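Asker: coords below, sequence missing:
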């Protein structure tokens with residue numbers, strides 16, 4: 001495993017200074033977002049000069065671009081909104097391929113019309129599931145044409161809200177390595193269930209399909225915080241990743257730049273990784 005971080009943890013004016021900040025705390029791996037290049041997260045187009053600047057920054061700093069954000073509301077009740085998201089996903093997937101980024105990350109969305117991170121009672125409806133499957137089928141075709149893979153993350157507020165729903169989506173799509181899972185333990189925790197049981201279920205259902213691991217911590221009130229200052233059992237989480245045979249990137253996020261060094265030191269100790277180590 002290789003420890004990395006969300007590139008947009010560091011608010012800098014261009015990709016070069018962003019990745020230099022990543023390297024300065026001893027990391028060599030990021031999940032990239034086009035906001036770090038002065039664009040929208042899901043841009044309508046990516047100029048060739050921007051692609052060149054990102055590629056140059058990665059090469060010059062030695063920071064690998066492990067994944068690229070392509071999140072949009074895949075279950076939005078408005079078909080037109082879903083269509084716009086898919087069009088922009090095509091732009092992101094093509095850019096990922098040109099940059100040599102193997103994985104584009106997605107969220108499965110919500111029926112909330114305004115906020116794709118807000119839960120809605122209709123997320124469990126048959127129509128929400130049907131719309132998600134349609135969007136995912138289209139997304140897989142887009143990614144296949146570009147030559148990249150997709151990864152989705154179970155989120156409490158999304159249609160795919162837990163490990164069992166993620167397993168159901170994988171089984172419905174039958175896409176193999178083309179559709180992978182992002183596992184974030186903080187997103188799986190429930191007040192009425194033991195964390196050990198939740199993690200065991202997640203690895204049993206999804207361990208063979210992991211493409212990316214996220215490392216985020218949160219307090220009892222749900223607020224995200226520096227790694228090690230919250231309730232996530234990272235010993236159990238990293239043990240689960242090892243037992244599942246996961247050798248991919250572990251991407252930290254959810255905290256500010258002022259907490260990046262502390263979080264990196266905590267995660268590195270848990271992973272027993274040395275600064276700059278590729279894993």
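Answerer: Looks like it came in fine. Given the structure is predicted, the values throughout are model-derived calculations rather than measurements.
Asker: Give the bridge partners for the spatially most central residue of the chain, please.
Answerer: The C-alpha lying nearest the average C-alpha coordinate of the chain belongs to residue 105 (Cα atoms, centre = their mean; 5.1 Å). Beta-bridge partners recorded for residue 105 (DSSP bridges): residue 69, residue 151.
Asker: That one and residue 259, how far apart?
Answerer: For residue 105, the distance to residue 259 (Cβ to Cβ, to the nearest Å) stands at 22 Å. Using the backbone N, CA and C atoms, a C-beta is placed for each residue, glycine as well.
Asker: Please apply the same query to residue 170.
Answerer: Per Cβ to Cβ, residue 170 is found 33 Å from residue 259.
Asker: Kindly report the same for residue 185.
Answerer: Residue 185 is 18 Å from residue 259, by Cβ to Cβ.
Asker: ok, these two, which is more surrounded?
Answerer: A count of neighbours by other Cβ atoms under 10 Å puts residue 185 above the other of residue 185 and residue 259, at 25 against 20.
Asker: Go ahead and confirm that one touches residue 232.
Answerer: Yes - using Cβ atoms under 8 Å, residue 185 makes contact with residue 232 at a distance of 5.1 Å.
Asker: And for residue 174, the neighbour number?
Answerer: Neighbour number of residue 174 under other Cβ under 10 Å is 8.
Asker: Hmm, I typed the wrong one, I wanted residue 221.
Answerer: 8.
Asker: buried sites along stretch 69-81?
Answerer: Residues of stretch 69-81 classed as buried: 69, 70, 71, 72, 73, 74, 75, 76, 77 (neighbour count, 16 or more other Cβ atoms under 10 Å).
Asker: Ok, stretch 172-181 next?
Answerer: For stretch 172-181, by 16+ other Cβ under 10 Å, it's 173, 175, 179, 180, 181.
Asker: now swap in stretch 132-147 and tell me
Answerer: 132, 133, 135, 136, 138, 139, 140, 142, 143, 146.
Asker: Dump these to a markdown table, plus distance to residue 205, pLDDT and secondary structure.
Answerer: Below are the buried residues of stretch 132-147 laid out as a markdown table (distance: Cβ to Cβ, whole Å; pLDDT from 0 to 100; DSSP: H, G, I helix; E, B strand; the rest coil):
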| residue | distance to residue 205 | pLDDT | secondary structure |
| --- | --- | --- | --- |
| 132 | 18 | 98 | helix |
| 133 | 18 | 98 | helix |
| 135 | 22 | 98 | helix |
| 136 | 18 | 98 | helix |
| 138 | 25 | 98 | helix |
| 139 | 21 | 98 | helix |
| 140 | 20 | 98 | helix |
| 142 | 26 | 98 | helix |
| 143 | 23 | 98 | helix |
| 146 | 28 | 98 | helix |
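Asker: Can you redo those as JSON lines, where the extra columns are distance to residue 245?
Answerer: Below are these laid out as JSON lines (distance: Cβ to Cβ, whole Å):
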{"residue": "132", "distance to residue 245": "28"}
{"residue": "133", "distance to residue 245": "29"}
{"residue": "135", "distance to residue 245": "30"}
{"residue": "136", "distance to residue 245": "25"}
{"residue": "138", "distance to residue 245": "31"}
{"residue": "139", "distance to residue 245": "27"}
{"residue": "140", "distance to residue 245": "24"}
{"residue": "142", "distance to residue 245": "29"}
{"residue": "143", "distance to residue 245": "24"}
{"residue": "146", "distance to residue 245": "27"}
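Asker: of these, closest to residue 49?
Answerer: Residue 49 lies nearest to residue 146 out of the buried residues of stretch 132-147, by Cβ to Cβ, at 20.3 Å.
Asker: got the phi/psi numbers for residue 225?
Answerer: With angles defined as degrees, to the nearest 10, residue 225 sits at phi -160, psi 170.
Asker: for it, which residues make a bridge with it?
Answerer: According to DSSP bridges, beta-bridge pairing links residue 225 with residue 217.
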